[in-house]
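>>> no FASTA, just this:
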């Protein structure tokens, strides 16, 4: 069940909905930016962003500017998935929603010395996204099922990779920002192996596309992990998987976000 709580958040054309997810029993805040023009013949493209309260404002305003006619991209629906706390990064909720199961002994010590919050709920979160959030947006707008994008940063980037490797038909465009490939002793690379073997037989249409973004000044292992992914996925190019890597000079783990979001719009909205 969803309830509209603010139809001008934070600007005209933006809305905030409370979603009480039947699938998980958890509460979400769904931030929606309505497009500024008529829908294309096939419907609006939609971009979903995890960590909605951190990313929605920048992404929505960037989309508003970059979809202006006559030279802009097609108008798009921007959806931020946030939490009741309203915090930019709600560590407790995102740690559960964005991660795959892991033995806690495989996780690094947290900077403040505290224990890791409950984790491993990515599939439960994807069920909410697939069965409740996406239908909510589909009920609000005519959407193009062949132009659906998911963006996440850090642990959210891990979520994007997990989604591509386990539910590749759910989106057409997958954008993993500074993905936490290290999670669970690199468990997502095991998923990549299975995906590599299965992908050629899936017959997906359209073929999914993957964008990986990272700041050149991030931790050395984060940059190396981001650069590793296109290498590991290169054998799938002949089967139609398109992988792009964007490394932004002089940007760190947080400062890279505006550049990554701008590149996301080109990736998600540029026509082939």
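It's in. Predicted model, so just to flag it, every value in this text is computed and none were measured. Numbering: from 1, shown residues only.

>>> Now the element after the top strand by length along the chain, going C-ward?
In the chain, with assignment by DSSP state E, the single longest strand is strand 143-153. Downstream of strand 143-153, the next assigned helix or strand under DSSP states H and E is helix 155-166.

>>> Packing partners of that next one?
helix 91-97, helix 122-128, strand 143-153, strand 173-177, helix 183-198 (3 or more Cβ pairs under 8 Å, 6 or more residues apart in numbering; DSSP states H and E). (Glycine included, C-beta is placed from N, CA and C.)

>>> What residues of it count as buried?
155, 156, 157, 158, 159, 160, 161, 162, 163, 164, 165, 166 (16 or more other Cβ atoms under 10 Å).

>>> ok, back up a step: take the helices and strands packed on helix 155-166 and lay them out in CSV including mean neighbour count.
Shown next, in CSV, are the helices and strands packed on helix 155-166 (neighbours: other Cβ atoms under 10 Å):
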stretch, mean neighbour count
helix 91-97, 20
helix 122-128, 19
strand 143-153, 23
strand 173-177, 28
helix 183-198, 16
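
>>> Ok, which of these comes nearest residue 212?
Proximity to residue 212, assessed across the helices and strands packed on helix 155-166 by Cβ to Cβ, is greatest for strand 173-177 (5.2 Å).

>>> partner strands of the closest one, parallel or antiparallel?
For strand 173-177, the paired strands and their directions (DSSP bridges) are strand 143-153 (parallel), strand 209-215 (parallel).

>>> tell me the angle of the first one relative to helix 155-166?
Note on geometry: by axes from the mean of the first three to the mean of the last three Cα atoms, to 10 degrees, strand 143-153 and helix 155-166 are set 130 degrees apart in direction.

>>> Mind listing residues that contact strand 143-153?
40, 42-51, 54-55, 59, 77, 98, 134, 137, 158-160, 163, 170-179, 206, 257, 260-261, 264, 267-269 (Cβ atoms under 8 Å, 6 or more residues apart in numbering).

>>> Ok, stretch 193-202 next?
164, 165, 166, 168, 169, 232, 233, 235, 236, 239, 241.

>>> so residue 216 sits right up against residue 246, yeah?
No: with contact defined as Cβ atoms under 8 Å, residue 216 does not reach residue 246; the gap is 10.5 Å.

>>> Between these two, tell me which one has more neighbours.
residue 246 (19 against 12; other Cβ atoms under 10 Å).

>>> which residues touch the more buried one?
Here residue 246 is in contact with 211, 212, 213, 214, 260, 263 (Cβ under 8 Å, 6+ apart).

>>> Using a markdown table, lay out these together with distance to residue 116, neighbour count and pLDDT.
As requested, the contacts of residue 246 are arranged in a markdown table below (distance: Cβ to Cβ, whole Å; neighbours: other Cβ atoms under 10 Å; pLDDT from 0 to 100):
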| residue | distance to residue 116 | neighbour count | pLDDT |
| --- | --- | --- | --- |
| 211 | 28 | 23 | 98 |
| 212 | 25 | 27 | 98 |
| 213 | 25 | 28 | 98 |
| 214 | 23 | 26 | 98 |
| 260 | 25 | 27 | 98 |
| 263 | 30 | 18 | 97 |
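
>>> Give the single residue among those residues positioned nearest to residue 32.
The shortest approach to residue 32 among the contacts of residue 246 belongs to residue 260, at 21.0 Å (Cβ to Cβ).

>>> before we move on, which element is the closest one in?
helix 257-269.

>>> And for residue 218?
Assigned by DSSP H and E, residue 218 falls outside every helix and strand.

>>> my guess is it contacts residue 256, does it?
Yes: if you go by Cβ under 8 Å, residue 218 and residue 256 touch, sitting 7.3 Å apart.

>>> Now do the shared contacts for these two.
residue 178.

>>> mind listing what's buried in the helix holding residue 260?
For helix 257-269, the neighbour count (16+ other Cβ under 10 Å) marks 257, 259, 260, 261, 262, 263, 264, 265, 267, 268, 269 as buried.

>>> Tell me the predicted confidence for the fourth one.
I take that to be residue 261. pLDDT recorded at residue 261 is 97.
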